[in-house]
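J.: fold the following for me, if possible:
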Amino acid sequence: MAQQPGLFEALSPRRTVGFACNQAFMFYVLYMGFNRSFEIGGLSFERAELFFMLAFLVVGFFSFRRLGAGFHRVVLAKPALYVCAIVASATSLASALFPEYSVAWVVPEGLLIGAPASFLLLAWGLTFGRERTSVTVSEVFLASLIGAAVCLLFSVAGSSSVFSAAFALLPLASVFNIDVPAWKGRASGPLSDLAGGAGEKGKLSAKIMAGTSLFGCAAGLMETYGTDPGSATMPFHTASFVVFCAFLIGSLSLLLSHGFGRGAALNKSYRLSILVVMMGILIVGWPAADLSPTPGKAYVLAGYLGLEAVLISLFLVLAEILEVDSSLAFSQGFGALFAGELIGLLLGNLNDLVSASLMHGVPMIATTLDSASHFAVVLSGALVLIAYVFLFTERDFDNLSEIVTKEDAFERTCQIMAARFELSRRESEILAFALRGRTSERIAQELTVSKSTVDTHLRRIYAKMEIHSRQELLDVAESIEEGL
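T.: A predicted model of the protein is given here:
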């Protein structure tokens with residue numbers, strides 16, 4: 001039996017470098033800028049730049065899900081993606097070169113970066129969806145490591161117009177490496193919506209979406225804590241990227257040496273990211289920790305970014321096991337994550353605004369506001385625990401891992417059968433559908449061909465394998481899968 005190439009050899013440098021460019025740009029625009037605020041009745045609405053960027057990211061994902069296939073084909077075509085990259089790049093560069101207009105610029109900046117960035121992420125979902133998840137998950141983690149290392153280099157070197165221009169060009173480099181097939185809106189399984197449907201897979205996907213929203217909400221709450229208007233959004237992002245890189249290196253060492261199975265690499269990465277977030281939340285506000293090079297908020301951001309890498313992997317896994325298009329998985333997954341973060345920002349600002357307005361003119365206001373800020377921290381920690389303990393638990397992750405292991409074995413079985421019996425590309429496609437129990441009518445519908453064409457290909461498959469029925473086909477596949 002021919003050996004499958006090792007995981008490291010299967011990694012695509014083009015996909016990895018391209019997504020690293022996308023990740024570095026997203027880290028830069030979301031977490032390495034300055035806290036810009038709106039004045040509301042004499043009080044400041046903090047992180048306005050992040051709020052509007054997240055809002056238009058969510059609008060982009062929502063639009064993709066609600067508009068038709070014609071819209072999908074347009075926005076995911078390479079020329080449209082280059083337009084998106086140019087718009088996002090030019091806007092990012094303008095914000096860096098003309099900081100004096102930053103407050104008045106937050107709404108158009110959010111639109112001109114957030115909406116294009118959403119379509120680039122969707123295109124990456126489609127690109128990753130062409131490869132098996134055991135490969136693309138490792139590429140996601142490796143690309144995140146490269147992107148974080150670039151941001152760390154920028155943080156250490158210091159801000160300059162040269163670095164700002166270099167970061168502004170990253171979306172163009174990202175699009176150059178995107179490989180998008182024609183969008184078909186594939187939803188061949190019973191669940192075209194990741195958070196709907198019945199059965200174990202449907203329940204798991206609903207839990208993942210709910211947990212993703214709560215994780216995002218917790219992050220949004222923490223992003224309003226400990227920063228003042230006009231200051232850096234994440235004053236300790238250098239420490240955050242150091243911790244994040246260490247997390248990714250550990251995760252990659254597991255991914256490259258283990259599979260998805262019960263208790264394996266991705267499960268441990270999920271557990272570790274939650275641990276880092278909770279550790280940061282617990283030591284936030286502790287005077288000794290705040291004076292250290294790695295205060296609590298640095299760990300919270302690092303853990304959240306690590307959790308985001310795990311969630312991206314889960315979106316790809318869900319697309320595979322639910323048989324939906326990976327761009328749809330990204331639109332719903334990222335939509336839930338960033339919508340939760342948006343709500344967290346609103347809650348954090350509302351907490352500050354209400355506390356400040358209620359205590360206006362009352363003595364000890366500083367102490368009261370400090371207590372209000374710590375309430376937001378406590379709420380953030382509670383949301384993380386609720387998501388981890390009651391929504392998407394360790395047992396759920398183990399169950400999902402087992403499903404993925406079976407799916408991966410099925411895919412490898414199809415590849416081995418196609419190679420062993422020298423099946424054509426179309427015959428290989430029909431083989432996979434047949435092994436899943438699809439009727440000829442259903443296969444014809446999925447591939448937009450006639451039933452007679454499907455039957456002809458099935459007869460050729462039987463002839464090459466020297467069998468005569470679907471049952472014999474299933475028996476051959478079962479014997480190969482048992483060998484795996």
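J.: for residue 448, phi and psi?
T.: Main-chain dihedrals, residue 448, degrees, to the nearest 10: phi 50, psi 50.
J.: show the pLDDT at it.
T.: According to the prediction, residue 448 has pLDDT 82.
J.: tell me where the stretch 1-150 of the chain has strands.
T.: Along the stretch 1-150 of the chain, counting by DSSP state E, counting those that start in this stretch, strands occupy 38-40, 43-45.
J.: try the stretch 251-400 of the chain
T.: Going by DSSP E, counting those that start in this stretch, the stretch 251-400 of the chain shows no strands.
J.: shaky segments in it?
T.: The stretch 251-400 of the chain contains residues with pLDDT under 70 at 258-264, 285, 287-294, 355-373.
J.: go again using 50 as the cut-off
T.: 262-263, 363-369 (pLDDT under 50).
J.: tell me the secondary structure at residue 179.
T.: coil (DSSP: H, G, I helix; E, B strand; the rest coil).
J.: what's the closest non-adjacent residue to it?
T.: residue 127 (5.2 Å; C-beta to C-beta, 6 or more residues apart in numbering). (Each C-beta comes from the backbone N, C-alpha and C, glycine too.)
J.: residue 178 is in contact with that neighbour, correct?
T.: Yes: judged on C-beta atoms under 8 Å, residue 127 makes contact with residue 178 at a distance of 5.3 Å.
J.: so for these two, which sits in the more crowded spot?
T.: residue 127 (24 against 21; other C-beta atoms under 10 Å).
J.: list the contacts of that one.
T.: 15, 18, 178, 179, 180 (C-beta atoms under 8 Å, 6 or more residues apart in numbering).
J.: closest to residue 309 out of the residues you listed?
T.: Closest approach between these and residue 309, by C-beta to C-beta: residue 15, at 14.9 Å.
J.: so how far is residue 129 from that closest one?
T.: Between residue 15 and residue 129 the computed distance is 11 Å (C-beta to C-beta, to the nearest Å).
J.: what do those two both touch?
T.: By C-beta under 8 Å, 6+ apart, the residues touching both residue 15 and residue 129 are residue 136.
J.: contacts only, for residue 438.
T.: residue 446.
J.: look up how far residue 448 lies from it.
T.: In terms of C-beta to C-beta, residue 438 sits 14 Å off from residue 448.
J.: re the thing from before, ok, of the contacts of residue 127, which one's closest to residue 24?
T.: Nearest to residue 24 out of those is residue 18 (C-beta to C-beta; 11.0 Å).
J.: how about the contacts made by that closest one?
T.: Contacts of residue 18 by C-beta under 8 Å, 6+ apart are 124, 127, 143, 173, 174, 175, 176, 177, 178.
J.: and if you look at residue 11?
T.: Shown in contact with residue 11 (C-beta under 8 Å, 6+ apart): 135, 138, 139, 142.
J.: can I get the residues you listed in TSV including neighbour count and pLDDT?
T.: Formatted as TSV, those follow (neighbours: other C-beta atoms under 10 Å; pLDDT from 0 to 100):
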residue	neighbour count	pLDDT
135	18	82
138	22	87
139	26	91
142	24	93
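J.: how about those in CSV, adding distance to residue 29?
T.: Converted to CSV, the contacts of residue 11 look like this (distance: C-beta to C-beta, whole Å):
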residue, distance to residue 29
135, 28
138, 26
139, 22
142, 22
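J.: now, which of those lie within helices?
T.: Secondary structure from DSSP state H places 135, 138, 139, 142 of those in helices.
J.: what's the closest of these to residue 87?
T.: Looking across these and measuring by C-beta to C-beta, the closest to residue 87 is residue 139, at 26.2 Å.
J.: run through the residues that contact the closest one.
T.: 11, 12, 15, 16, 19, 128, 131.
J.: against residue 10, how distant is it?
T.: Taken as C-beta to C-beta, the span from residue 139 to residue 10 is 9 Å.
J.: between those two, which contacts overlap?
T.: Common neighbours of residue 139 and residue 10 (C-beta under 8 Å, 6+ apart) are residue 131.
J.: for residue 225, which three-state class applies?
T.: Following three-state DSSP, residue 225 is assigned to coil.
J.: which residues touch it?
T.: 284, 297, 348, 373, 376, 377.
J.: which ones among those residues are found in helices?
T.: Filtering those for helices - DSSP H - leaves 297, 348, 373, 376, 377.
J.: most neighbours, which of those?
T.: residue 297 (27 neighbours).
J.: I figured that one hits residue 219, correct?
T.: No: the criterion here is C-beta under 8 Å, and residue 297 misses it with residue 219 at 11.0 Å.
J.: can you tell me how far residue 446 is from residue 251?
T.: Distance from residue 446 to residue 251, by C-beta to C-beta: 35 Å.
J.: let me fix that: residue 276
T.: Distance from residue 276 to residue 251, by C-beta to C-beta: 12 Å.
J.: identify the contacts common to these two.
T.: Residues touching both residue 276 and residue 251 (C-beta under 8 Å, 6+ apart): residue 306.
J.: so for these two, which sits in the more crowded spot?
T.: residue 251 (28 against 22).
J.: touching, the more buried one and residue 309? I think so.
T.: Yes: counting by C-beta under 8 Å, residue 251 touches residue 309, with 7.5 Å between them.
J.: overlap in contacts, those two.
T.: Shared contacts of residue 251 and residue 309, counting by C-beta under 8 Å, 6+ apart, come down to 141, 269.
J.: what are the ranges of the helices in the stretch 201-350 of the chain?
T.: 237-255, 265-283, 287-290, 296-321, 326-358 (DSSP state H, counting those that start in this stretch).
J.: for those helices, give me CSV that also has distance to residue 119.
T.: Listed next are the helices of the stretch 201-350 of the chain as CSV, based on distance: least, C-beta to C-beta, whole Å:
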stretch, distance to residue 119
helix 237-255, 25
helix 265-283, 27
helix 287-290, 39
helix 296-321, 16
helix 326-358, 10
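J.: number of residues surrounding residue 284?
T.: 25.
J.: that one and residue 301 touch, don't they?
T.: No: contact criterion C-beta under 8 Å: residue 284 and residue 301 do not qualify, at 11.3 Å.
J.: okay, and the common contacts of these two?
T.: Joint contacts of residue 284 and residue 301 (C-beta under 8 Å, 6+ apart) are residue 222.
J.: picking that back up, what about the helices of the stretch 201-350 of the chain, which gets the closest to residue 74?
T.: Here helix 326-358 is closest among the helices of the stretch 201-350 of the chain (C-beta to C-beta), at 13.1 Å.
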